[in-house]
Each structure stands twice: as C-alpha cells, then as structure tokens.
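In: Predicted model, plus sequence, below.
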Amino acid sequence: MKSLELLVERIILSSRWILVVFYLGLVAALAIYAVSFLYKFGKVAMNVFVFDDAEMILAMLGLIDAALVASLILMVMIAGYENFVSRFDEAEADVSFLGKLDSGSLKIKVASSIVAISSIHLLQVFLNVQQYTDTKLMWLTFIHLAFVVSAVLLGFLEQIMSKLKG
C-alpha cells in the first residue's frame with residue numbers, strides 16, 4: 001500500500017510540469033502582443049504631426065496600457081514558474097528584480113496591475129466622455145472601484161496572514 005501511495009505522490013508532484021505548457025503559451029502570447037504593440041506604436045509615430053494633444057495623450061495611454069499588460073504577463077510567467085514548477089537554476093540574479101514573489105505577494109501585484117490597467121482605461125474613457133452614455137460611465141466606474149476594493153482587501157488579508165505567520 002505504501003508503494004501505491006508513493007506512486008500517486010510522484011505522479012501528482014510530476015504533474016506540475018504540465019504547467020510549463022501554459023507558461024510557454026504565455027511566452028507566445030507575449031510575443032504576439034509585442035507585435036501588436038509595434039503596430040500601435042507605428043500608427044502613433046506616423047500620426048505624430050497629425051494628432052492633436054488629446055489624441056496624442058490617448059495614444060500614449062494606449063501604449064502605457066499595453067506595457068502594463070505585457071509586464072503583468074511576464075510577472076505571472078516568472079512567478080508562476082518559480083512558485084509552482086521549479087526554481088531558476090542559473091538565473092538567480094536575473095529574476096532578483098522581481099523580489100520574492102510567493103503566491104500571496106503575486107496576487108497583490110497582479111491585483112495592483114489590474115487596478116493600474118483599469119485606471120488607464122477609465123482615463124481613456126473620460127478623455128472621450130462624449131462617446132459614452134451616463135449609464136456606461138457609471139458601470140465602468142463601478143467596475144474600476146470593484147477592482148480597487150478587491151486589491152485593497154487582498155493587501156489587507158495578506159498583511160493579516162503575514163502577521164499570523166510571523
């Protein structure tokens with residue numbers, strides 16, 4: 001019976017390597033998103049003398065939004081691999097810029113990134129306020145506030161958990 005238990009444990013532990021497929025998929029998604037970013041950047045560059053101030057601000061916010069999304073993808077890839085699959089053997093210094101990203105701090109960083117992305121999107125909406133109905137503006141604001149409240153609550157819960165551990 002003990003050998004069956006060891007076999008099950010080995011299978012379960014080895015199954016973490018299936019996650020590599022997801023992280024490699026995120027690498028491909030990031031590459032595709034980089035191509036999309038370059039296309040957006042090219043459109044902005046070609047219209048640099050055509051856009052007025054408001055259009056240029058919106059275009060820059062779109063590029064910032066894309067950079068935040070790309071950073072979020074990278075953070076999830078690296079931290080997810082480190083936390084759930086395997087440690088980076090040769091790259092200790094290469095991933096040190098992330099700090100220690102356990103699952104709790106990863107949740108907070110992801111939530112903070114989502115709030116930042118939502119903030120930029122909401123700013124873009126308010127710069128084009130004439131294109132939206134009052135109802136749509138209200139819902140977009142409520143959704144953003146829900147993201148903010150969720151991030152604050154996650155931070156609060158993580159702080160409580162770290163005090164309980166320490």
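Out: Structure's in. What do you need? Numbering: from 1, shown residues only.
In: quick one: buried residues of the helix or strand where residue 20 lies?
Out: Residue 20 belongs to helix 19-46 when assigned by DSSP states H and E. Buried residues in helix 19-46, counted by 16 or more other CB atoms under 10 Å: 26, 37, 44. No exception for glycine: its C-beta is placed from N, CA and C like everyone else's.
In: Low-confidence ranges, this structure, go.
Out: For the chain, the stretches with pLDDT under 70 are 90-103, 166.
In: coming back round to it: buried stuff in the helix or strand that comes right after the helix holding residue 20?
Out: Following helix 19-46 in sequence order, the next helix or strand is helix 53-84 (DSSP H and E). Residues 59, 61-62, 65-66, 68-70, 72-73, 75-82 are the ones in helix 53-84 that count as buried (16+ other CB under 10 Å).
In: Helix 53-84 to helix 19-46, inter-axis angle?
Out: Computed with axes from the mean of the first three to the mean of the last three CA atoms, to 10 degrees, the direction of helix 53-84 lies at 160 degrees from that of helix 19-46.
In: packing partners for helix 53-84?
Out: On a contact count with 3 or more CB pairs under 8 Å, 6 or more residues apart in numbering; DSSP states H and E, helix 53-84 meets helix 19-46, helix 103-127.
In: Does residue 10 lie in a helix or a strand, and which?
Out: Using DSSP H and E, the element containing residue 10 is helix 2-14.
In: Could the C-alpha coordinates of that helix be exported in PDB?
Out: Extracted in PDB, the C-alpha atoms of helix 2-14 (Å, rounded to 0.1, in the frame of the first residue of the first chain):
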ATOM      1  CA  LYS A   2       2.900   2.300   0.800                       C
ATOM      2  CA  SER A   3       4.300   1.900  -2.700                       C
ATOM      3  CA  LEU A   4       1.000   2.800  -4.300                       C
ATOM      4  CA  GLU A   5       0.900   5.900  -2.100                       C
ATOM      5  CA  LEU A   6       4.500   6.900  -3.200                       C
ATOM      6  CA  LEU A   7       3.500   6.300  -6.900                       C
ATOM      7  CA  VAL A   8       0.400   8.600  -6.500                       C
ATOM      8  CA  GLU A   9       2.600  11.300  -4.800                       C
ATOM      9  CA  ARG A  10       5.200  11.100  -7.600                       C
ATOM     10  CA  ILE A  11       2.500  11.400 -10.300                       C
ATOM     11  CA  ILE A  12       0.900  14.400  -8.500                       C
ATOM     12  CA  LEU A  13       4.300  16.100  -8.000                       C
ATOM     13  CA  SER A  14       5.400  15.400 -11.600                       C
END
